[in-house]
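Visitor: what follows is a predicted structure for the sequence shown.
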Amino acid sequence: MTSVMAETTSVVPFDVERVRADFPILSQTINGKPLVYLDNTASAQKPTAVLDAMRDYYCRDHANVHRGAHTLGDRATAAFEGARETVRRFINAGSVEEVIWTRGTTEAINLVANGLSASLKPGDEILVSHMEHHANIVPWQVLAQRTGASLKVIEVTERGELDLESFESLLSERTRILAVTHVSNVLGTINPVAQMIRRAKQVGALTLIDGAQAVPHFAPDVQALDADFYTFSSHKLFGPTGIGVLYGRRAILEDLPPYQVGGEMIERVTFEKTTWGALPYKFEAGTPAIAEAVGLQAAIQYLQSLDLNGAHQAEAALLERANSLVETVPGMSVIGNADRKVAVMSFKIDGLHPSDIGTLLDQQGVAIRTGDHCAQPLMSRFQVPGTARASFAFYNTLDEVDRLFAGLQKIQRMFA
């Protein structure tokens, strides 16, 4: 946790029913059944506080930011930059200049990969893991192909944990970049990224941590982690879609060339030469996602109003209940049983295709995710075409876990 979590004074004891009332989408019925939303890893739902903040911005303050010589422009700029400061405190960055707005984690990783292309050469190595989302594989794969560098892959154990012996065997003086996920979107595994960052720095490698799946469950302290880059997306953090964050160490960002160019990010333009603006604007070409930044700020502030220890205990209880019910579904097995994991359960049932499981659960009002989860190499590692995945958030209930397993039992009986 970062210190910002402890700054909130208006916290009340965690009450799941009170919290659920803050999320209007959860009150609907699907196919005649109360909605059970268990697809939080793909995209979390939004509290009324986020919806109201974005609506208020559009109804009262909307204008373009930074150069408007009028009141609305001043208000919009204050709201936009205030959101950046909220993010800075949430992740404990050293300055707002190190907080870059992006469209999401994918764009953030592409920004870094493209910016580092001039610093790599044949013989250099980029280290990723077998459990990465495609967004943290493909940009590095393309970078390796472009520069002649090699992509090396850290193995994953049968339990769904990173094989640290594999990591140590691959790490060398040739390693230039370590890019790993903080939390696996498929397995829920919490990786020992602080330890891995320390080791990577000992060989002079840059480090990027994909935090998209971590931030809904705990706030990272980027200074304590000592990562060079840390990325996450708003929509997984109970905020709006279309915006994300790249944290970067200031000294590195100063030297990194911009990923996109145009308006907003320049200092001076002539037909002979263009110079870039100062951080963070150097990486923020074009009109930014202003309302979305306001929405992300509201999401973070909403989280800070909760009893987060209680919320975390509630999520742990959901996963514990789910694990206790696995044996009630014949042929069901869980992919990934790491000692440290968030409330995510990927599973298969013998004789059933994941997409059939998802479709039949939807008929019972239960929403899960099926397929390869943008992690095809991990599916190959476990020799499955895909999995069904139930991912829990603090607004889910034990009764909803029971409904998930009642649905699975019904499906299994249909096909037995």
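Guide: Yes, it's here. Here the structure is a predicted model, which is why all the values come from computation and not from measurement.

Visitor: average pLDDT for the longest helix anywhere in the chain?
Guide: Scanning the chain for the helix with the most residues, using DSSP state H, yields helix 71-91. Throughout helix 71-91, pLDDT has a mean value of 97.

Visitor: per-residue pLDDT of the closest residue to Thr77 other than its chain neighbours, please?
Guide: Nearest residue to Thr77, sequence neighbours excluded (C-beta to C-beta, 6 or more residues apart in numbering): Val65, at 4.4 Å. (C-beta placed from N, C-alpha, C; glycine too.) In this model, Val65 is scored at 95, pLDDT.

Visitor: give me the neighbour count for Val65.
Guide: For Val65, the neighbour count with other C-beta atoms under 10 Å is 19.

Visitor: pretty sure it is in contact with Pro288, am I right?
Guide: Yes - Val65 lies in contact with Pro288 (C-beta atoms under 8 Å); the separation is 6.7 Å.

Visitor: find residues that contact each of these two.
Guide: Taking C-beta atoms under 8 Å, 6 or more residues apart in numbering as the contact rule, Val65 and Pro288 both touch Phe80.

Visitor: which SS class is Lys348?
Guide: State at Lys348, reduced to three classes by DSSP: H, G, I helix; E, B strand; the rest coil: strand.

Visitor: ugh, wrong one, I meant Ala393
Guide: The local conformation at Ala393, judged by three-state DSSP, is coil.

Visitor: spit out the contact partners of it.
Guide: Neighbouring residues of Ala393 by C-beta under 8 Å, 6+ apart: Asn40, Ala44, Gln45, Pro216, Glu315, Ala343.

Visitor: among those residues, which lie within strands?
Guide: Using DSSP state E, no member of those sits in strands.

Visitor: output those residues in JSON lines, with pLDDT, distance to Arg403 and neighbour count appended to each entry.
Guide: Rendered in JSON lines, the data for the contacts of Ala393 read as follows (pLDDT from 0 to 100; distance: C-beta to C-beta, whole Å; neighbours: other C-beta atoms under 10 Å):
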{"residue": "Asn40", "pLDDT": "98", "distance to Arg403": "16", "neighbour count": "25"}
{"residue": "Ala44", "pLDDT": "98", "distance to Arg403": "19", "neighbour count": "22"}
{"residue": "Gln45", "pLDDT": "98", "distance to Arg403": "17", "neighbour count": "19"}
{"residue": "Pro216", "pLDDT": "97", "distance to Arg403": "22", "neighbour count": "26"}
{"residue": "Glu315", "pLDDT": "98", "distance to Arg403": "17", "neighbour count": "21"}
{"residue": "Ala343", "pLDDT": "98", "distance to Arg403": "16", "neighbour count": "26"}
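
Visitor: residues contacting the longest helix of the chain, please?
Guide: Applying C-beta under 8 Å, 6+ apart, the contact partners of helix 71-91 are 2, 4, 7, 57, 60-68, 93, 95-96, 98-99, 101, 219-222, 230, 245, 247, 280, 288, 290, 293-294, 296-297, 300-301.

Visitor: look up the closest residue to Val128, ignoring the ones flanking it.
Guide: Excluding the flanking residues, the one nearest Val128 by C-beta to C-beta, 6+ apart is Ala179, at 5.2 Å.

Visitor: if you count neighbours, what's buried in the helix or strand containing Glu17?
Guide: Element membership for Glu17, per DSSP states H and E: helix 16-20. By neighbour count with 16 or more other C-beta atoms under 10 Å, helix 16-20 contains the buried residues Val16, Val19, Arg20.

Visitor: and the last one, how far from Asp399?
Guide: Distance check for Arg20 against Asp399: by C-beta to C-beta, to the nearest Å, it reads 11 Å.

Visitor: helices along the stretch 101-250 of the chain, start to end?
Guide: Secondary structure of the stretch 101-250 of the chain (DSSP state H, counting those that start in this stretch): helices located at 105-115, 138-147, 164-170, 193-202, 222-225, 250-255.

Visitor: just to revisit the earlier point, three-state assignment of the residue nearest to Thr77?
Guide: When classified by three-state DSSP, Val65 comes out as coil.

Visitor: so who does it touch?
Guide: Gly73, Ala76, Thr77, Phe80, Glu81, Pro288, Ile290.

Visitor: just the buried subset of those, written out for ChimeraX, thanks.
Guide: Provided next is the ChimeraX selection string for whichever of those are buried by 16+ other C-beta under 10 Å:
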select :73,76,77,80,288,290
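
Visitor: export the contacts of Val65 to CSV and tack on distance to His133?
Guide: Converted to CSV, the contacts of Val65 look like this (distance: C-beta to C-beta, whole Å):
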residue, distance to His133
Gly73, 38
Ala76, 33
Thr77, 34
Phe80, 28
Glu81, 30
Pro288, 25
Ile290, 27
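
Visitor: among the contacts of Val65, which two are most distant?
Guide: Within these, two members stand farthest from each other by C-beta to C-beta: Gly73 and Pro288, at 13.4 Å.

Visitor: how about low-confidence regions in the protein?
Guide: For the chain, applying pLDDT under 70 flags the ranges 1-10.
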